[in-house]
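K.L.:
Turn this into a model:
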Amino acid sequence: MAVGERAARRPASARQLIRRSATARRLIRCPAAARRLIRRPAAAPTSAEGVAFVVALAMSGARVATVLQMIPALPTGLALSPRPHLYAVLWVTGAVAAGGVAAVCTFSIRRPLGPRAAAADVAMAVVFLVLGVAAVPAEDRVGSWVGWAPGYTLAVVLSLGGLRIAAWLSAVGALTAAYLFFVVDSATAGNRTTIASDTLSLLVFGAVARVVLRYVTKLAADADEARARVAELARLEEEHRARLTMHDAVTIMQLLADATVPPATRDQLREQANAEVRRMRAYLGGPGAGRAGTMEVADDRVLLCDVLRTAMTGFADLGLEPALDLAEGVTVGIAEGEAVRGAVTGALHNVRSHARASMVVVHADADANVGAMAGRWIVTIRDDGVGFDPASVRLGTGLRRQVLAETRRHGLAARIASTPGLGTRIEIEGESWG
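P.N.:
Model prediction:
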């Protein structure tokens with residue numbers, strides 16, 4: 001049979017093999033499948049998995065592009081090959097291998113090949129180059145897709161970035177040596193520059209792909225770590241908020257359960273218990289729900305005096321002496337107001353439980369012009385109770401968290417001074433919203 005007749009028949013046989021390939025059919029499916037592939041990285045549970053899938057898509061795209069460039073040169077390659085049977089076997093094996101790798105990375109493992117699969121991939125590329133010497137004419141091994149093995153090799157090199165440095169150097173070195181073996185008989189004065197350029201392309205593109213892959217993988221790992229840190233901070237914040245919300249309620253319940261509490265104080269505690277029930281319901285309703293309690297809110301601000309009056313509700317049994325006139329008109333943000341309310345309420349609960357005071361003064365003062373523009377204000381809670389030694393007594397949750405930590409978290413200054421036998425003084429200082 002003439003060479004021309006063989007060339008006319010074998011291309012059809014090769015095309016039939018490609019059509020029968022489930023991998024090839026899957027790679028050229030309808031646009032809906034492509035849209036699903038594009039959306040898949042965004043649905044990945046972690047950034048690292050999403051990046052791995054995107055890298056797998058890119059590497060699979062390089063394999064598919066290689067096959068698409070191999071197809072037009074197939075008839076010519078079969079016609080010119082000194083061993084068309086071997087050429088056909090190598091070509092079909094390469095096309096199926098490229099499609100198989102693309103399908104496995106995209107639809108199965110959804111990440112680049114692992115070290116063992118990558119070693120098999122490199123070995124197959126080396127086989128194509130070595131056996132290609134017998135199947136591809138020398139004059140068609142450089143600058144032509146009739147000699148398709150170098151293009152296939154480049155796609156393999158681009159997919160090796162995930163290997164450890166020693167394995168990567170060995171793989172790229174083996175592929176470069178096999179490529180030089182493939183083209184050595186084709187070297188002429190006219191194509192030596194092309195051979196040198198192709199050799200450098202294997203090394204440079206492989207190195208760039210490795211650096212980029214390592215970099216984006218590190219970014220993804222950092223993103224996942226940051227996401228986990230944010231989730232942990234959110235959990236701690238919610239735990240902190242729950243502690244503050246429950247602290248006053250627990251204090252009230254403890255006093256209500258105390259049979260020695262006077263009836264007048266019990267009436268005050270019941271009033272406070274009702275307020276705490278409303279506050280707990282607001283807390284369970286979600287962040288920001290009912291934060292201002294009974295305080296009147298206007299333009300995301302509340303009056304400092306309203307905050308203090310709300311905080312003092314239910315403490316008439318303590319002999320409260322409010323002095324708020326100097327802070328009339330002072331406004332604070334809702335979050336700062338809630339922090340002040342919690343601090344004052346916590347301080348008054350502490351007085352009721354521990355101070356044995358006969359008088360408590362809640363005094364508010366501010367700059368003279370604070371009503372017209374932003375200025376400093378200060379709230380002082382002073383009792384004539386037993387006091388304590390701050391150097392030797394560990395502060396409880398009310399003073400440590402509600403008074404100090406929570407106010408400072410909102411940019412306010414808080415100070416506690418106490419002397420045994422002389423009572424306790426708490427100061428909270430901040431800036432008005434002008």
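K.L.:
Pull the helix or strand containing residue 378 out as CSV, backbone CA atoms only.
P.N.:
Assigned by DSSP states H and E, residue 378 belongs to strand 376-383. Presented in CSV, the C-alpha positions along strand 376-383 are these (Å, rounded to 0.1, in the frame of the first residue of the first chain):
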residue,chain,number,x,y,z
ARG,A,376,-14.3,65.9,77.6
TRP,A,377,-16.7,64.5,80.2
ILE,A,378,-16.1,62.5,83.4
VAL,A,379,-18.4,60.3,85.5
THR,A,380,-17.5,59.6,89.1
ILE,A,381,-19.1,56.9,91.3
ARG,A,382,-18.0,57.3,95.0
ASP,A,383,-19.3,55.4,98.0
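K.L.:
and stretch 199-211, which residues are buried?
P.N.:
Within stretch 199-211, the residues that qualify as buried are 202, 206, 209-210, counting by 16 or more other C-beta atoms under 10 Å. Every residue, glycine included, has its C-beta placed from N, CA and C.
K.L.:
Within the sheet, what are the partner strands of the strand holding residue 378, with directions?
P.N.:
strand 360-366 (antiparallel), strand 423-431 (antiparallel) (DSSP bridges).
K.L.:
Turn the ones you listed into JSON lines, including mean neighbour count and mean pLDDT.
P.N.:
Formatted as JSON lines, the entries for those read as follows, by neighbours: other C-beta atoms under 10 Å; pLDDT from 0 to 100:
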{"stretch": "strand 360-366", "mean neighbour count": "20", "mean pLDDT": "92"}
{"stretch": "strand 423-431", "mean neighbour count": "21", "mean pLDDT": "93"}
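K.L.:
right, so of these, which gets closest to residue 401?
P.N.:
Across the strands paired with strand 376-383, residue 401 has its closest neighbour in strand 423-431 (13.7 Å, C-beta to C-beta).
K.L.:
Determine how far that closest one lies from the middle of the whole chain.
P.N.:
Per C-alpha atoms, centre = their mean, to the nearest Å, the displacement of strand 423-431 from the mean C-alpha position of its chain is 40 Å.
K.L.:
What residues does the closest residue to residue 365 other than its chain neighbours make contact with?
P.N.:
Nearest residue to residue 365, sequence neighbours excluded (C-beta to C-beta, 6 or more residues apart in numbering): residue 326, at 4.6 Å. Counting by C-beta atoms under 8 Å, 6 or more residues apart in numbering, residue 326 touches 364-366.
K.L.:
same deal with residue 122?
P.N.:
Residues in contact with residue 122, defined by C-beta under 8 Å, 6+ apart, are 156, 160, 171, 174-175.
K.L.:
what about it, which helix or strand?
P.N.:
Under the criterion of DSSP H and E, residue 122 resides in helix 115-135.
K.L.:
Next SSE downstream of that helix?
P.N.:
Going C-terminal from helix 115-135, and assigning secondary structure by DSSP H and E, you next hit helix 149-158.
K.L.:
Could you name the helices and strands sitting against the next helix or strand along the chain from that next one?
P.N.:
Using DSSP H and E, the helix or strand that directly follows helix 149-158 along the chain is helix 165-183. Under the contact definition 3 or more C-beta pairs under 8 Å, 6 or more residues apart in numbering; DSSP states H and E, helix 165-183 sits against helix 115-135, helix 149-158, helix 192-256.
K.L.:
Of all the residues in helix 165-183, which ones are buried?
P.N.:
Along helix 165-183, these residues count as buried under the neighbour rule (16+ other C-beta under 10 Å): 168, 171-172, 174-176, 178-179, 182-183.
K.L.:
how far is that helix from where the chain is centred?
P.N.:
Mean C-alpha position of helix 165-183 versus that of the full chain (C-alpha atoms, centre = their mean) differs by 38 Å.
K.L.:
again, but for stretch 152-166
P.N.:
Using C-alpha atoms, centre = their mean, the mean C-alpha position of stretch 152-166 is found 28 Å from that of the whole chain.
K.L.:
That stretch: end-to-end distance?
P.N.:
This stretch, stretch 152-166, spans 22 Å end to end (C-alpha to C-alpha, to the nearest Å).
K.L.:
how about that stretch: buried residues?
P.N.:
Using 16+ other C-beta under 10 Å as the burial criterion, the residues of stretch 152-166 that qualify are 152-163.
K.L.:
where in the chain is pLDDT low?
P.N.:
Screening the chain residue by residue with the criterion pLDDT under 70, one finds the ranges 1-45, 240-241, 244-245, 247-248, 278-299, 368-374, 433-434.
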